[in-house]
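Participant: structure, please.
(2 chains)
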Amino acid sequence: MSKRTLEFELATPGVDAQGRPIRVPLGAAATAAPELAGEHMLINLGPQHPATHGVLRLVVELDGETVVRVIPHVGYLHSGFEKLGEYRHYNQIIPLTDRTDYLAPMSNNVGVALAAERLMGIEVTPRCKVLRVIACEMSRVISHLVWLGTTSIDLGAFTPFLWAFQQRERVYNLQEMWTGARLTTSLTRVGGLMADIPAGFADGLREFTRTFPDTLNEIDGVLTRNAVWAGRTQGVGVMSAADAINHSLSGPMLRASSVPYDVRKDKPYLDYETYEFDVPVGEHGDVYDRYLVRLEECRQSTRILAQAIDRLPDGPINVADPRVILPPKSRAMTDMEAMIYHFKQVMEGVKAPVGEAYVGIENPKGELGNYFVSDGTAKPVRWRIRPPAFINLSALPTLAEGHLLSDLIAINASVDIVMGEVDR
Amino acid sequence: MNPSVEALRAAFGSAIGRATVARDGETIVVVAAPHARDVLRWLRDTPGHAYAYLVDITAVEYRDRERPIEVVYFLRSLERRTDLRVKIELAPQDELAVDSVVSLWAGANWLEREVFDMFGVTFREHPDLRRILMWETYAEGNPLRKEFPLRGRFSRAEQVRQALAANPEAHYSLDELSIADAYHELPPDMRERLRKGERGKIPHSE
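Facilitator: This next block holds a predicted model:
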């Protein structure tokens, strides 16, 4: 058998007469051309490669076009955040979290503030809780839109990318209005927020929740029943429910494999149990189901945003405790007591009691855990981020084994990694 | 207090140490290192406990150098929506080694590699115990240990010197180079360096 025949057999013709996508059987290369079997090729993908979504490096062993083994190399963006956290006050850790999952910075800010508050036993105000829910859901929308856009580009669809990024820009404008930054938001403080929402924000967000579903429907229309999209994603990178649990997957990756676990529902924080929303769960655990889950999560996040902005109560955003919240600058300049509190907080930080606390929140990528161990000083002994993208990525070698090289790109995209968080 | 602790005491007796409730309301139970894997397997497989989901593995070293280094396992039962935290205490002067749980949870693979990389805790029977966030030839030690200075062990000049002198081929493991017989196509001096497993040295350490 000549090489030409092998190429012919490997070409993916698309859909069959019934409209179902046809896939080349796995291991086709080995059976089609025995003279080529066993000659494995070493391919290096990354760390500078557009389809690896950051500085991820994959060393791939190929048998023809079939992936025999994937060896991921991570750490190119390692910044030692956890080590830095041990030398900083709790509030000084918050800017570090902007840079972990940099596609959803506000959500990371909320996660670390919640963990510090759990450790110190602080209960935030009702208005702060609702604003934090808004921050988390805005982050989910922008993170999923980046995922949708980049994944569709990886698989050759350019239009959804433009639509997704247009909508993402609208959320970024709101985020910039609120926090003054597009990426380094540093929105939360232990016991409250850096700032209340400005005038016009609520109307902007209402307008977004009203019109955003139209774009989702458009994306749905061009991708969900598209033969090329279905052919590239259905049955690719399948993981069963038992395997997903065994690999500690979380977030949309876990739910696409039909495990209905969502931290917002099952271990509620920020009163998520009082919001009405559904948790989409996949059926087959393939790339297509991950796409469907994330698309639906965008819709559900929009629902939560609409409810949150309607119920937003009046009141303070910070707890009334001068030991954790800085007094207003005007008072610190005129009032002796306020000045002392200001001095103590800036110079000594907020002391946490001895003990430890772990808080997991449902980040766009999965369960983001923040684990603080304190020895009674103002700086944690240990700050651990449970990085959902890192743990989800560790399943990539299992997911990609036996697929074609082009499917590896689809599978890697479906994991939704962000290297800032993988490497920390 | 999580009821699984009483059941653990009944099943394992003295291998189960003290149990406390953390400030977030979860139960922490300390387990003797030699029995840790059996305890974790029991917790995963016993009906009524069924901690089938491993949330995280990490380690904690305290500023007080006398205190043991802790390896922490965050377990979760997805059916019962319950969490449990299992800790192993390792005396800092002894060998830092515990049994790997990759045979129980595939997700433990990278998490254990990270603890090995950052704290120098060895996981026995781990299928692929290599550094993960730092590069394989990193010679300054384990960054999250308290004796490790914030800016690293080497001077900036030494770090630059090592980076400039690094072997490009060291970015592939020998295992990877064995694919496609790439190893034999390397120039002899590169092969020699790889064979010797050359890596940096801590200045004035010997």
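Participant: which residue comes closest to residue A:54 once chain neighbours are left out?
Facilitator: Computed as C-beta to C-beta, 6 or more residues apart in numbering or on different chains, the closest residue to residue A:54 that is not its neighbour in sequence is residue A:419, at 3.3 Å. C-betas here are computed from N, CA, C, even on glycine.
Participant: so how many other residues sit close to the one you found?
Facilitator: 24 (other C-beta atoms under 10 Å in any protein chain shown).
Participant: which residues does it contact?
Facilitator: Contact partners of residue A:419, counting by C-beta atoms under 8 Å, 6 or more residues apart in numbering or on different chains, are A:53-56, A:74, A:76-77.
Participant: reformat these as TSV; add secondary structure.
Facilitator: As requested, those are arranged in TSV below (DSSP: H, G, I helix; E, B strand; the rest coil):
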residue	secondary structure
A:53	coil
A:54	coil
A:55	coil
A:56	coil
A:74	coil
A:76	coil
A:77	coil
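Participant: now flag whichever of those is closest to chain B.
Facilitator: residue A:74 (6.4 Å; C-beta to the nearest C-beta).
Participant: if we can go back for a sec, with neighbour count and pLDDT added, can I get the contacts of residue A:419 in CSV?
Facilitator: Rendered in CSV, the data for these read as follows (neighbours: other C-beta atoms under 10 Å in any protein chain shown; pLDDT from 0 to 100):
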residue, neighbour count, pLDDT
A:53, 23, 81
A:54, 21, 81
A:55, 19, 88
A:56, 25, 89
A:74, 25, 90
A:76, 17, 88
A:77, 19, 90
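Participant: go through those and name the one nearest residue B:78.
Facilitator: Proximity to residue B:78 was ranked across these by C-beta to C-beta; first place goes to residue A:74, at 26.8 Å.
Participant: list phi and psi for the closest one.
Facilitator: Backbone geometry at residue A:74, expressed as degrees, to the nearest 10, gives phi -120, psi 170.
Participant: list the contacts for it?
Facilitator: If you count contacts by C-beta under 8 Å, 6+ apart, residue A:74 has them with A:56-57, A:390, A:393, A:419, A:422-423, B:132-133.
Participant: closest to residue A:408 out of those residues?
Facilitator: Closest to residue A:408, out of all of the contacts of residue A:74 and judged by C-beta to C-beta, is residue A:56, at 11.8 Å.
Participant: for the nearest residue to that closest one once chain neighbours are set aside, give its distance to chain B.
Facilitator: Nearest residue to residue A:56 in three dimensions, chain neighbours excluded: residue A:46, at 5.3 Å (C-beta to C-beta, 6+ apart). Plainly put, residue A:46 is 11 Å away from chain B if you go by C-beta to the nearest C-beta, to the nearest Å.
Participant: pull the number of nearby residues for residue A:46.
Facilitator: Neighbours of residue A:46 (other C-beta under 10 Å): 20.
Participant: for it, what are its contacts?
Facilitator: Residue A:46 neighbours (C-beta under 8 Å, 6+ apart): A:52, A:55-58.
Participant: residue A:255 reaches residue A:296, doesn't it?
Facilitator: No - the criterion here is C-beta atoms under 8 Å, and residue A:255 misses it with residue A:296 at 9.7 Å.
Participant: who has more neighbours out of these two?
Facilitator: Per other C-beta under 10 Å, whichever of residue A:255 and residue A:296 has more neighbours is residue A:255, with 26 against 20.
Participant: what about residue 80, how many neighbours?
Facilitator: Went with chain A since none was named. By other C-beta under 10 Å, neighbour count at residue A:80 equals 19.
Participant: not quite, I wanted chain B
Facilitator: When neighbours are counted by other C-beta under 10 Å, residue B:80 comes out with 12.
Participant: isn't it right up against residue B:52?
Facilitator: No - counting by C-beta under 8 Å, residue B:80 does not reach residue B:52; the two are 10.2 Å apart.
Participant: remind me which helix or strand the closest residue to chain B within chain A belongs to.
Facilitator: Of the residues in chain A, the one nearest chain B is residue A:248, at a distance of 2.8 Å by C-beta to the nearest C-beta. Using DSSP states H and E, residue A:248 sits within no helix or strand.
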